[in-house]
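Undergrad: Predicted coordinates and the sequence they were generated for:
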Amino acid sequence: MCARGKTEKGPKHSVLSAQAVRLRDFARDDSGAMAAPTIFFFLAMLAIGGIGIDLMRMERDRTILQYTLDRAVLAAADLDQPLSPALVVQDYLSKAGLDEYYQPPIVEQGLGYKKVESTINTTFDTHMLEFSGGANMPLHANARAEESIDGLEISLVLDVSGSMNSNSRLTNLKVAAKDFIDTMVANTTDGKMSVSIVPYATQVSIPDELAEQYNIDRPQTYANCVNFQSDHFDTTALSTTEALQGSMLFSPWSGSDYRSSGTLINQEVCSHDEDREVLLFEKNATTLKNFIQSLTAWGNTSIDVGMKWGTALLDPSARPAINALATGADTIVPSDFSARPAEYNDFETIKVIVLMTDGQNTSQYYMNEDYRSGATGVWYNPEQGVYSTYDPHNNRYYWHNRGIWMDHPYGASPGTEYCYQWYYGSCRRTATEGGTVAELNFGDLYAYTSVKSVYYMFSNAMGRSYARTYWYNYVYSSYGNSTKNARTRAICQAAKDQGIIVYTIGFEAPSDGVAVLQDCASSDAHYFDVDGLEISDAFASIATSIRQLRLTQ
């Protein structure tokens, strides 16, 4: 059994030993050591390459999307673009085959400016990255464009009538208007903003240089106002060639004669003071503020005439005149503005009027045609200061300051002795006629002698009834409140129809004036009703509003 047992155990031991040898040999064998790392690195390289390909594909798509979006918002922000910004952006993406990415843009739009911003946040479908266990990647594009107006043409139409002397109104106006100028000049590129200041009372007086550019019939060279007709208020234009009637320098209020002093009359309808003339197309803050500070207040209120000149200086019809005043040797307008006023369809320029009044339209006086030119029948001797008035019915002359009737005006026969005091048919006092005499024309008569003063002279010589008829009632006429209100509304509407932005300020104004200003403004938000120091707030708000319409390039 034992032998048999030995015979059975031998083969089993041999098999085990052989397996053990094989295991030791397998353990010692290193021929397959790089297989696993090779497979790992291969898979890693494949993943990295796939990610790179995905990133390249995503950047390609993002670039195309960004480029298309940039072009879309630029077109959408164009002020000339008639289509809505949303529609423009969508159309650009659609034509590029990217309409699936469209999202509504953010739009800010107002008078003179447009801002469009479009953002797209989506995901990019990956291939290899997702195969490697990653996920889709975010895709982002953003574009923002804006177009604003940098060119500004502003007309400040300021009431300087007599009522502005009440309640410190003129003082408060000066502070507010000067702050407005500082704000606008500080926030505008030099040479891009022009400001014209139009002071108005009974009339508007323009500088000699500007008057010479228009075809104005001026009986007096020192009176530079225009008597506009009703149809002038239906349009913003004012032709430089159309025949215009100049207003005369005369006073229906004063009762004084200024001839002996050599000074023109005071309280005149058309002011001859330089500090009440229109200031044209100025950009210098100091010049503008000094002009505002020098303003004085007196006279009636003609909102319509002020508004007419304010719009005329923004209308392209004034360009020949402004160009002439901005070029050459003797200029009164900066050369930057030689091509202004710009065309209404020039979307790089915005036109603004700021109209202020503390009152309402009152009477505007003008000289009747028969009293504008020609001989007057009034003679004057400057050496002796004696007037002679002619009586056509009796062919004689009354010597004022001498109190006698003669057959010639005083001074026409110098050296001749005459009697100036009679007593019971006998001459008690004589004198010798001296000096020289000349007949006055109407322009010269009323430039130095008020209407009332002339009326008084003829009353003394020919009686009050005759004098009142021919030397007072027939001398001048006027436009009243209702006519002038209609004219104001007409010129305001004409301005708004041309795209001029009209701001109006009622400065402690009565209801009639407020109603006109509200109708005149571009919208309810463009009208300001203020008292006292609130006028500074109104001008500040207007300055802020205008600044929002422009962008310095």
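TA: Received, thanks. Residues are numbered from 1 along each chain as shown.
Undergrad: quick check: domain ranges of this structure?
TA: Under the assignment automatic domain parsing, the domains of the chain span 36-148, 151-367+480-547, 369-474.
Undergrad: and the shortest one, how far from the chain's centre?
TA: Once both centres are worked out by Cα atoms, centre = their mean, to the nearest Å, domain 369-474 turns out to sit 51 Å from its chain's centre.
Undergrad: Could you tell me the end-to-end distance of it?
TA: Using Cα to Cα, to the nearest Å, the end-to-end distance of domain 369-474 comes out at 10 Å.
Undergrad: Quick one: mean pLDDT over that domain.
TA: Averaged across domain 369-474, pLDDT comes to 93.
Undergrad: swap in the first one?
TA: Per-region confidence: domain 36-148 scores 74 on mean pLDDT.
Undergrad: nearest spatial neighbour of residue 528, skipping sequence neighbours?
TA: In this structure, residue 528 finds its nearest non-sequential neighbour in residue 538, 3.8 Å apart by Cβ to Cβ, 6 or more residues apart in numbering. Bear in mind the C-beta positions are built from the backbone N, C-alpha and C, glycine included.
Undergrad: Could you save the domains of the chain as CSV and add columns showing mean neighbour count?
TA: Converted to CSV, those look like this (neighbours: other Cβ atoms under 10 Å):
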stretch, mean neighbour count
domain 36-148, 16
domain 151-367+480-547, 20
domain 369-474, 16
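Undergrad: Just the CA trace of stretch 498-515, in CSV.
TA: Coordinates of each C-alpha in stretch 498-515 appear next as CSV, following Å, rounded to 0.1, in the frame of the first residue of the first chain:
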residue,chain,number,x,y,z
GLN,A,498,-38.6,121.0,-38.8
GLY,A,499,-37.4,118.9,-35.8
ILE,A,500,-36.2,121.9,-33.7
ILE,A,501,-36.5,121.0,-30.0
VAL,A,502,-38.3,123.7,-28.2
TYR,A,503,-38.0,124.2,-24.4
THR,A,504,-40.1,126.9,-22.8
ILE,A,505,-39.9,128.5,-19.4
GLY,A,506,-42.8,130.4,-17.8
PHE,A,507,-41.1,132.6,-15.2
GLU,A,508,-43.9,133.8,-12.9
ALA,A,509,-45.9,134.2,-16.1
PRO,A,510,-49.7,134.9,-16.2
SER,A,511,-52.1,132.3,-17.5
ASP,A,512,-52.3,133.7,-21.0
GLY,A,513,-48.5,133.6,-21.4
VAL,A,514,-48.4,130.1,-19.8
ALA,A,515,-51.0,128.8,-22.3
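Undergrad: bridging residues for residue 422?
TA: Residue 422 has these beta-bridge partners by DSSP bridges: residue 427.
Undergrad: Just confirm it contacts residue 403, I think it does.
TA: No: in this structure, residue 422 is not within contact of residue 403 by Cβ atoms under 8 Å, at 10.8 Å.
Undergrad: Look up the pLDDT of residue 189 for me, please.
TA: Residue 189 carries a pLDDT value of 77.
Undergrad: so how far is residue 356 from the residue nearest to residue 528?
TA: Residue 538 sits 8 Å away from residue 356, going by Cβ to Cβ, to the nearest Å.
Undergrad: which residues do these two both contact?
TA: Residues touching both residue 538 and residue 356 by Cβ atoms under 8 Å, 6 or more residues apart in numbering: residue 505.
Undergrad: Now stretch 347-364: average pLDDT?
TA: On average, stretch 347-364 scores 94.
Undergrad: Would you mind extracting the C-alpha trace of that stretch into PDB?
TA: Written as PDB, here are the backbone C-alpha positions of stretch 347-364 (Å, rounded to 0.1, in the frame of the first residue of the first chain):
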ATOM      1  CA  PHE A 347     -28.400 114.000 -38.200                       C
ATOM      2  CA  GLU A 348     -25.100 115.000 -36.700                       C
ATOM      3  CA  THR A 349     -26.500 118.300 -35.500                       C
ATOM      4  CA  ILE A 350     -29.300 119.000 -33.100                       C
ATOM      5  CA  LYS A 351     -31.100 122.400 -33.000                       C
ATOM      6  CA  VAL A 352     -32.500 123.700 -29.700                       C
ATOM      7  CA  ILE A 353     -34.500 126.700 -28.700                       C
ATOM      8  CA  VAL A 354     -34.900 127.800 -25.100                       C
ATOM      9  CA  LEU A 355     -37.700 130.400 -24.900                       C
ATOM     10  CA  MET A 356     -38.300 132.200 -21.600                       C
ATOM     11  CA  THR A 357     -40.800 134.900 -20.600                       C
ATOM     12  CA  ASP A 358     -42.300 136.300 -17.400                       C
ATOM     13  CA  GLY A 359     -45.300 137.700 -19.200                       C
ATOM     14  CA  GLN A 360     -47.600 137.500 -22.200                       C
ATOM     15  CA  ASN A 361     -47.700 139.100 -25.600                       C
ATOM     16  CA  THR A 362     -48.500 142.900 -25.400                       C
ATOM     17  CA  SER A 363     -48.700 145.600 -28.000                       C
ATOM     18  CA  GLN A 364     -46.000 145.900 -30.600                       C
END
